[in-house]
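Student: What shape does this take:
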Amino acid sequence: MELINLLLSLILSVLLLSVLFLLYQTRSPKAMEGIPGSLGWPIVGESFSFLSDFSSPSGIFSFMIKRQKRYGMVFKSFVLGRFTIFMTGREASKILLTGKDGLVSLNLFYTGQQVLGPTSLLQTTGEAHKRLRRLIGEPLSIDGLKKYFHFINTQAMQTLDQWEGRKVLVLEEASTFTLKVIGHMIMSLEPSGEEQEKFRSNFKIISSSFASLPFKLPGTAFHRGIKARDRMYEMLDSTILRRRSGQDFQQDFLGSLVMKHRKEDGEEDENKLTDKQLKDNILTLLVAGHDTTTAALTWLIKFLAENPIVLEKLREEHRQIVAGRKIGTDLTWAEANNMPYTFKVISETLRRATILPWFSRKASQDFEIDGYKIKKGWSVNLDVVSIHHDPEVFPDPEKFDPSRFDEPVKPFSFLGFGSGPRMCPGMNLAKLEICVFIHHLVNRYKWRPLENENSVQPTLVRMPKNKYPIMVESLSSFSLPNLTLSLLRSSFRHHRSTSDVKSFQLNRSVCEAELFGLSSAEGRRTCNGVNTILSL
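Tutor: Here you go, the predicted model:
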């Protein structure tokens, strides 16, 4: 009995000491007393309010705007285990994102730090960061992406082949598409099969753990994320071993990193990346190459459905691309990089949705901003939503208006892909994937939302909570007059002779697929109308 009482006393003592330690750790730094704001409850701070607002229709903007109204544009808080200064504005953007004079460094939440690992590009600084960014940047450059264009185009078409006449969860479909692309680029992962399914399942768990509470207890999102990360690394271990031994050479991202430090005699030099560095940065690229593109593509499709005038103008750009193409050819690299209105629609999507609602930095030295003294070691979050919704820069900011980007916007007022030395390295890949996917989507289908729901998921990257369900129909169900005669005439410029027209009429199953990117079945239906016009 005495032993049991002793054990209970020890357990209670440990718990009490743990609570006291947490209270000590979460006490407000004295230097923060001059900054307005609230630190919330002991230990948890404002974390629950933060996570609750995070998944509201307005997302993190709700958390920000309530406190900005109360305290001003600069305020303090304690969320997810850290003291944080929140601020916004172009001047703050310039200081925090350029990292001038080494003022700040990237600052992931504790959960993100633990999941991605210490050698991740997102956690390194100085020369180590420059080296990793250079290595990672090569395959993600414009020239590096060319060899993956055909794969991206094929995956987009195959994904959309399954959409006709059914309910689609856009977020799920966009996620599958982008994950297949980035998995293939990084490690030549096949787009289907058991390995792809395991890969995708583990990745989704990892991705959902980044904004979780920092408690690694069984059943928590953080714990599940760490376990999924470990399973992912086990998969990578065998792949890296085969690559290093020369058994399975592939011309992908992993292959380029392994071969870059291989000497003529087959041995690897002392500057090679360790297996740990390879795994941490492969996971980093997967996260960076998946989450933002998936979210951007989903929001773009949603905004197009809500703005039919924008959709029609976008569709006309893509119809003209098809009309200007030689019959029998598919979307080309040059065409995918010459879609000016599409580029503006992407930019407006990134502004309006602000899929990365804030950028987190850590003060590397003392500095002053907006009259407030920031101390070395403090976390500083830049509120991007407020910057993107500043009515002085973007009048009527809630309106979806791609014409805002007809002219260059003011520096540091649009941060769709970040800015400065930490700008998103996958920016070119994201634009390419979206342009290719949208090209085929708007040429083949119309769609309507099935739910009027605007809440977002409680994740670092803003995504629709309901995954944006839509009903998809073939464009050929539109009345033929909607296909303008001017477009038809330009499309048939290669068939001006009588014999060409007769030949074209006979090949009904192909004509619409070639001209408008539709399926053969859609082609047969629409070409009946096309042939009627030709006979007039």
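Student: give me every residue that touches the closest residue to Arg166 other than its chain neighbours.
Tutor: Distances taken as C-beta to C-beta, 6 or more residues apart in numbering place Val472 nearest to Arg166, at 6.4 Å, with adjacent residues excluded. Every C-beta, even on glycine, is put in place using the N, C-alpha and C of the backbone. Residues near Val472 by C-beta atoms under 8 Å, 6 or more residues apart in numbering: 163-168, 445-447.
Student: List only buried entries from those residues.
Tutor: Burial by neighbour count, 16 or more other C-beta atoms under 10 Å: within the contacts of Val472 this picks out 163-164, 168, 445-447.
Student: wait, is Trp299 part of a strand?
Tutor: No - Trp299: not assigned to a strand; according to DSSP: H, G, I helix; E, B strand; the rest coil it is helix.
Student: residues in contact with it?
Tutor: Counting by C-beta under 8 Å, 6+ apart, Trp299 has contacts 349, 352-353, 355, 464.
Student: Give me the secondary structure label for the residue nearest to Arg166.
Tutor: Val472 ends up strand, using three-state DSSP.
Student: List the beta-bridge partners for it.
Tutor: Trp447 (DSSP bridges).
Student: Nearest to Pro308 among the buried ones among the contacts of Val472?
Tutor: Relative to Pro308, the closest of the buried ones among the contacts of Val472 is Lys446; by C-beta to C-beta it sits at 9.8 Å.
Student: ok, back up a step: possible to save the contacts of Val472 as a markdown table with secondary structure, pLDDT and distance to Trp378?
Tutor: Output for the contacts of Val472, formatted as a markdown table (DSSP: H, G, I helix; E, B strand; the rest coil; pLDDT from 0 to 100; distance: C-beta to C-beta, whole Å):
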| residue | secondary structure | pLDDT | distance to Trp378 |
| --- | --- | --- | --- |
| Trp163 | coil | 97 | 48 |
| Glu164 | coil | 94 | 53 |
| Gly165 | coil | 94 | 55 |
| Arg166 | coil | 95 | 51 |
| Lys167 | strand | 97 | 47 |
| Val168 | strand | 97 | 45 |
| Tyr445 | strand | 97 | 49 |
| Lys446 | strand | 96 | 50 |
| Trp447 | strand | 98 | 46 |
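Student: ranges for the strands of the stretch 301-450 of the chain?
Tutor: 358-363, 367-369, 372-374, 379-383, 445-449 (DSSP state E, counting those that start in this stretch).
Student: and the residue most central in space within the chain, what is it in contact with?
Tutor: In the chain, the residue lying closest to the centroid (C-alpha atoms, centre = their mean) is Thr292, at 0.6 Å. Residues in contact with Thr292 (C-beta under 8 Å, 6+ apart) are 355-356, 424, 426, 430, 461.
Student: if you set the cut-off to 6 Å instead, what comes out?
Tutor: 355, 461 (C-beta atoms under 6 Å, 6 or more residues apart in numbering).
Student: mind checking pLDDT for it?
Tutor: At Thr292, the pLDDT value in this model is 90.
Student: Same check on Met185?
Tutor: So Met185 comes in at 90 (pLDDT).
Student: Repeat that for the one 10 residues further on.
Tutor: What the model reports for Glu195 is a pLDDT of 84.
Student: Then Lys362?
Tutor: At Lys362, the pLDDT recorded in the model is 87.
Student: secondary structure element for Glu172?
Tutor: For Glu172, the enclosing helix or strand under DSSP states H and E is helix 170-187.
Student: Who are the packing partners of that helix?
Tutor: Packing contacts for helix 170-187, counted by 3 or more C-beta pairs under 6 Å, 6 or more residues apart in numbering; DSSP states H and E, involve helix 149-161, helix 253-260, helix 275-306.
Student: relative to helix 149-161, how tilted is it?
Tutor: 160 degrees (axes from the mean of the first three to the mean of the last three C-alpha atoms, to 10 degrees).
Student: Could you list the residues in contact with the next helix or strand along the chain from helix 170-187?
Tutor: As assigned by DSSP H and E, the chain's next helix or strand after helix 170-187 is helix 194-207. Contacts of helix 194-207 with the rest of the structure, by C-beta under 6 Å, 6+ apart, involve 179, 224-225, 228-229, 231-232, 291.
Student: Swap in 8 Å and give it another go.
Tutor: Contacts for helix 194-207 (C-beta under 8 Å, 6+ apart): 115, 175-176, 179-180, 183, 189-190, 224-225, 227-229, 231-232, 235, 283, 286-287, 290-291, 459.
Student: among those residues, which ones are buried?
Tutor: 115, 175-176, 179-180, 183, 189, 224-225, 227-229, 232, 235, 283, 286-287, 290-291, 459.
Student: Let me see the contact set for the residue nearest to Asn202 when sequence neighbours are not counted.
Tutor: Spatial nearest neighbour of Asn202, chain neighbours left out: Ala228 (4.3 Å); criterion: C-beta to C-beta, 6+ apart. By C-beta under 8 Å, 6+ apart, the contact list for Ala228 reads 201-203, 205-206, 209.
Student: switch the cut-off to 6 Å
Tutor: 202, 205-206.
Student: what do you get for Leu257?
Tutor: Contacts of Leu257 by C-beta under 6 Å, 6+ apart are Leu273.
Student: swap the cut-off to 7 Å and go again
Tutor: 135, 273, 278 (C-beta atoms under 7 Å, 6 or more residues apart in numbering).
Student: Mind checking which of these are buried?
Tutor: 135, 273, 278.
Student: any idea how far the closest residue to the second one other than its chain neighbours lies from Thr124?
Tutor: Spelled out, it's Leu273. Nearest non-adjacent residue to Leu273, counting by C-beta to C-beta, 6+ apart: Leu257, 5.9 Å away. Between Leu257 and Thr124 the computed distance is 15 Å (C-beta to C-beta, to the nearest Å).
Student: ditto for Pro118
Tutor: 8 Å.
Student: Those two: which has the busier surroundings?
Tutor: Thr124 (20 against 11; other C-beta atoms under 10 Å).
Student: Am I right that that one is in contact with Leu132?
Tutor: Yes - assessed by C-beta atoms under 7 Å, Thr124 is found in contact with Leu132 at 5.9 Å.
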